[in-house]
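Novice: 3D, please:
(one chain, ligands or ions: 1)
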Amino acid sequence: MASDVPEIQLPPELRPTDGRFGSGPSKVRQEAVAALAAAAPTYLGTSHRQPTVKNVVRRLREGLTQLFSLPDGYEVVLSNGGTTAFWDAAAFGLIERRAQHLAFGEFSSKFAAVTSAAPFLEAPQVIESSPGTHPEAEASADVDAYAFPHNETSTGVAMEVRRPAGAEGLVLIDATSGAAGLPVDPTQFDVYYFAPQKGFASDGGVWIAAMSPAALERVARIKASERWTPPFLDLSTVIENSRLDQTYNTPALTTLFLTVNQLEWILENGGLAWSTGRCDRSAEIVYGWADASSYASPFVADKGDRSHVVATIDLDPALDATTVAKVLRTNGIVDTESYRKLGRNQLRIAMFVAIEPDDLATLTRAIDYIAERLAA
Ligand SMILES: *Cc1c(COP(=O)(O)O)cnc(C)c1O
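Specialist: Model prediction:
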């Protein structure tokens, strides 16, 4: 099966302590898994309506309030189905009439497709830019919500979370890969939503959102209107349940536990300043290596747009990125392939908080080692 993969064995000093560099899902810290195993006999398989699980949800909500320094009146809410389910819930419960989307990659385009297809909404205003860049949101009296990602995971472009000057609508930020790894000022968003299998090094299946008073009010107003909403996607039900440290239906207890473990690990180490600083260091290592390399270069041209949680690195056409990723894989280093639809000769390397900066340094040396041997 792997017969087309050149046989290159990395020497022990070029093997990272952990070989997981995938951009989604993220490496899960083994310490978190061990803590889950220890807690399992009294936690897994117990009712999510009882204190044991509700305490975990409470720690999640309180911990995120602390991590993001949420102002009074903001609430952390959660439900099932991951970010993709949140997009549907947002179309029903947060967008009144028309949204503006910045679409500059796979994920930001997907949310735009959701609101485009919703029969109860007007066609959204979609502002696009080519992969590797991002457009800017523009205040418009004709939209009531602005949607953009903190980090476009498919291309490795990050953008600052900022309300468009003069905008009155809600600002909805997809922080699935950016949360915990990129700095954010909560006064600049109304909803900061994510699934925890990336920056929070957990498993998937759940979505979490920090909501401003304006967002909570919007949900209540749409709920009072005539719009029919599927019960599972009804944000007012989500808010009600979250206030009781519950979810509407059964959540993945493993996901909740691992998320809280990662969250509290970050808080114990110094909070968002620590976790974003760690990602800054990782980004310096990876982009610094690529900038200095004769055969690798950062895909994102503008340094300010380069994500500090997901690096996209183009390789010289003479060096096939797919082969490099395959050789890495035979050495236990996984998920460095580029986003397939981007169609570039590229490696994509996650630099999420859970990933050791030193392991990224080792990875860059491992890639150099492989590149040298493939060129020979
Ligand atoms: C991974 C990802 C998603 C999709 O998350 P799911 O939980 O799989 O639905 C959405 N947006 C961004 C920015 C992502 O990175």
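Novice: From now on I want contacts and neighbour counts done on CA atoms only, so please keep to that.
Specialist: Fine.
Novice: All the strands of the stretch 101-250 of the chain, in order from the start?
Specialist: Applying DSSP state E, counting those that start in this stretch to the stretch 101-250 of the chain gives strands spanning 125-128, 145-149, 151-152, 157-158, 170-174, 191-194, 206-211.
Novice: in the lengthiest helix in the chain, what counts as buried?
Specialist: Taking DSSP state H as the assignment, the helix of the chain that covers the most residues is helix 271-292. Neighbour-count burial for helix 271-292, counted by 16 or more other C-alpha atoms under 10 Å, picks out 271-283, 285-287, 289-290.
Novice: With stretch 354-364 instead?
Specialist: Judged by neighbour count using 16+ other C-alpha under 10 Å, the buried positions of stretch 354-364 are A354, I355, E356, P357, D359, L360, A361, T362, L363, T364.
Novice: Dump those to a markdown table, plus distance to T65, pLDDT and secondary structure.
Specialist: Compiled in a markdown table, the buried residues of stretch 354-364 are given as follows (distance: C-alpha to C-alpha, whole Å; pLDDT from 0 to 100; DSSP: H, G, I helix; E, B strand; the rest coil):
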| residue | distance to T65 | pLDDT | secondary structure |
| --- | --- | --- | --- |
| A354 | 20 | 98 | coil |
| I355 | 24 | 98 | coil |
| E356 | 25 | 98 | coil |
| P357 | 27 | 98 | helix |
| D359 | 30 | 98 | helix |
| L360 | 30 | 98 | helix |
| A361 | 33 | 98 | helix |
| T362 | 35 | 98 | helix |
| L363 | 34 | 98 | helix |
| T364 | 36 | 98 | helix |
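Novice: could you dump these to TSV with distance to G166?
Specialist: Written out in TSV, the entries for the buried residues of stretch 354-364 read as follows (distance: C-alpha to C-alpha, whole Å):
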residue	distance to G166
A354	37
I355	38
E356	40
P357	39
D359	44
L360	41
A361	43
T362	46
L363	45
T364	44
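Novice: Tell me the helix or strand right after the longest helix of the chain.
Specialist: Under the assignment DSSP states H and E, the closest C-terminal helix or strand after helix 271-292 is strand 296-298.
Novice: Run through who's touching the following helix or strand past that next one.
Specialist: Past strand 296-298, further along toward the C-terminus, the next helix or strand under DSSP H and E is strand 310-315. The contact list for strand 310-315 (C-alpha atoms under 8 Å, 6 or more residues apart in numbering) reads 23, 153, 155-157, 283, 286-287, 290, 295-300, 321, 338, 344-352.
Novice: Among those residues, name the buried ones.
Specialist: Restricting the contacts of strand 310-315 to buried positions leaves 23, 153, 155-157, 283, 286-287, 290, 296-300, 321, 338, 344-352, with burial counted as 16+ other C-alpha under 10 Å.
Novice: which residues touch E7?
Specialist: E7 makes contact with V327 under the criterion C-alpha under 8 Å, 6+ apart.
Novice: Check the secondary structure at it for me.
Specialist: Local secondary structure at E7 is given as coil here, using DSSP: H, G, I helix; E, B strand; the rest coil.
Novice: got it, and T322?
Specialist: Taking three-state DSSP, the label given to T322 is helix.
Novice: doesn't G181 make contact with V309?
Specialist: Yes - the pair formed by V309 and G181 meets the contact definition of C-alpha atoms under 8 Å, at 6.2 Å.
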